[in-house]
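1. Predicted model and sequence below, questions to follow.
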Amino acid sequence: MKFIAADVVSAFPQSADPSDRTAVRQRTLKTAIGCTGIGLHSGAKVTMTLQPAEAGTGIRFRRTDVKGRGAIVPALWSHVGDTRMNSCLVNEAGVQIGTVEHLLSALAGSGIDNCLIEINGAEVPVMDGSAAPFLFLIECAGTVEQTAPRRAIRVLKAVSATDGDKTATLSPASGFSVRFDIDFASQAIARQSFALAMTRGAFKSEISRARTFGFEQEVAWLRANGLARGGSLDNAVVIDSTGTKVLNDDGLRYGDEFVRHKILDAVGDLYLAGAPILGHFHGVRSGHALNNRLLQALFADQTAWTWTTIAPGSAAAQATPASAPALALAANG
């Protein structure tokens, strides 16, 4: 794994002017909050706590079961290692954090710029297989505005990554929007397309509850290869061996839950850019590996992107949620 010194895109550049009161401000959590669950692929029980973090520090993981500086794993595209069925981060010391995409998606959808995620294992808990439990945790903790301006990565020209019939593209746009197209042989999925402008509230209502999915006939192979050991009907949508039936008793949460989950994954993968992206993402059968290759292609071309400050009232500002209302639930941790 090749790491980039200081990372081409760290969370927020030093050129951000904290005195710029015309900009939308960065946000972090108001208080710490935690949860316990199992890893989708490892099957291991893990405890995780989301902590407030200082402006400009971005999203970082800290392995509480690892001593020293090697415990910190930055949530950045340049630290993505394994992309088999998940996005797994790895730092210079070889310390890993797997299945980060659902949590990162919730942080992106909540407009959280800075967060320290303390975790006592190598994989984020899967919860119910969607981003909704993480979104709930964030709402319970509340968010707070910080002094520094919120910076974003503006896409200046189209960039793409391709693998056979799979493509992922970023193109210029005033805000952040996503379109995804999938096509499976399974009759239960078949062809699905969904497009969404990530305006305020859209992530929660349209995307957050979409669960990860898989196929009954693949379970044995996945587990033999160290994957899906924690998977069950409680945290994934499973298609039967005929490819025609959803095995979950509660059925689907959306009629097109499969493509919506692919968007959820892409939102999380793209938040590994280190800041919000102002651009339009179009994925065709794309997955974690291609999403990461797309970010590599973007940052490899210095003419394809630029830093910008998010101004109030702009399309980008509409994606930043207002402070969540107080909920009658105590924060943990």
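-> Happy to help now that I have it. Residues are numbered from 1 along each chain as shown.
2. From residue 313, how far off is residue 111?
-> Using C-beta to C-beta, to the nearest Å, residue 111 is found at 15 Å from residue 313. C-beta: built from backbone N, CA, C; applies to glycine.
3. residues contacting residue 150?
-> By C-beta atoms under 8 Å, 6 or more residues apart in numbering, the residues touching residue 150 are 23, 24, 25, 26, 27, 113, 276, 309, 310, 320.
4. ok, now which residue in the chain is the farthest from the centroid?
-> Largest separation from the mean C-alpha position in the chain: residue 242, at 31.2 Å (C-alpha atoms, centre = their mean).
5. where does that residue fall, helix, sheet strand or coil?
-> Here residue 242 takes the coil state, with states given by DSSP: H, G, I helix; E, B strand; the rest coil.
6. in the stretch 101-250 of the chain, which spans are strands?
-> Taking DSSP state E, counting those that start in this stretch as the criterion, the stretch 101-250 of the chain carries its strands at 115-119, 143-149, 151-155, 159-163, 166-171, 176-183, 191-197, 213-215, 237-239.
7. Kindly reformat these as TSV containing mean pLDDT, mean neighbour count and distance to residue 96.
-> Output for those, formatted as TSV (pLDDT from 0 to 100; neighbours: other C-beta atoms under 10 Å; distance: least, C-beta to C-beta, whole Å):
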stretch	mean pLDDT	mean neighbour count	distance to residue 96
strand 115-119	98	22	11
strand 143-149	97	17	28
strand 151-155	97	22	25
strand 159-163	98	17	23
strand 166-171	98	20	24
strand 176-183	98	20	27
strand 191-197	97	15	31
strand 213-215	93	18	22
strand 237-239	95	22	26
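8. for those strands, which one sits closest to residue 93?
-> Among the strands of the stretch 101-250 of the chain, the nearest to residue 93 by C-beta to C-beta is strand 115-119 (15.6 Å).
9. what are the pairing partners of the closest one, and which direction each?
-> In the sheet, strand 115-119 lines up against strand 45-52 (antiparallel), strand 59-63 (parallel) (DSSP bridges).
10. And for the last one, what's in contact with it?
-> This means strand 59-63. Looking at what lies outside strand 59-63 - C-beta under 8 Å, 6+ apart - the contacts are 11, 53, 71-75, 89, 95, 97, 100, 104, 107, 112-122, 271.
11. Pull out the buried positions in the worst-scoring helix or strand of the chain on mean pLDDT.
-> Lowest by mean pLDDT, DSSP states H and E among the helices and strands of the chain is helix 219-224, with a mean of 75. By neighbour count with 16 or more other C-beta atoms under 10 Å, helix 219-224 contains the buried residues 219, 222.
12. if we look at it, which residues are touching it?
-> For helix 219-224, the surrounding residues in contact (C-beta under 8 Å, 6+ apart) are 85, 214, 228, 229, 231.
13. What is the nearest of those to residue 293?
-> For these, the nearest to residue 293 is residue 85 (16.3 Å; C-beta to C-beta).
14. May I have the residues that are in contact with the closest residue in space to the closest one that isn't next to it in sequence?
-> Spatial nearest neighbour of residue 85, excluding adjacent residues (C-beta to C-beta, 6 or more residues apart in numbering): residue 227 at 5.4 Å. Contact partners of residue 227, counting by C-beta under 8 Å, 6+ apart, are 41, 84, 85.
15. Now list the buried members of those residues.
-> The neighbour count (16+ other C-beta under 10 Å) marks 41, 85 as buried among the contacts of residue 227.
16. Secondary structure added to the contacts of residue 227, as a markdown table?
-> A markdown table is the format used below for those (three-state DSSP):
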| residue | secondary structure |
| --- | --- |
| 41 | coil |
| 84 | coil |
| 85 | coil |
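17. Now tell me which of the contacts of residue 227 the prediction trusts least.
-> Ranked by pLDDT, these bottom out at residue 41, which has 82.
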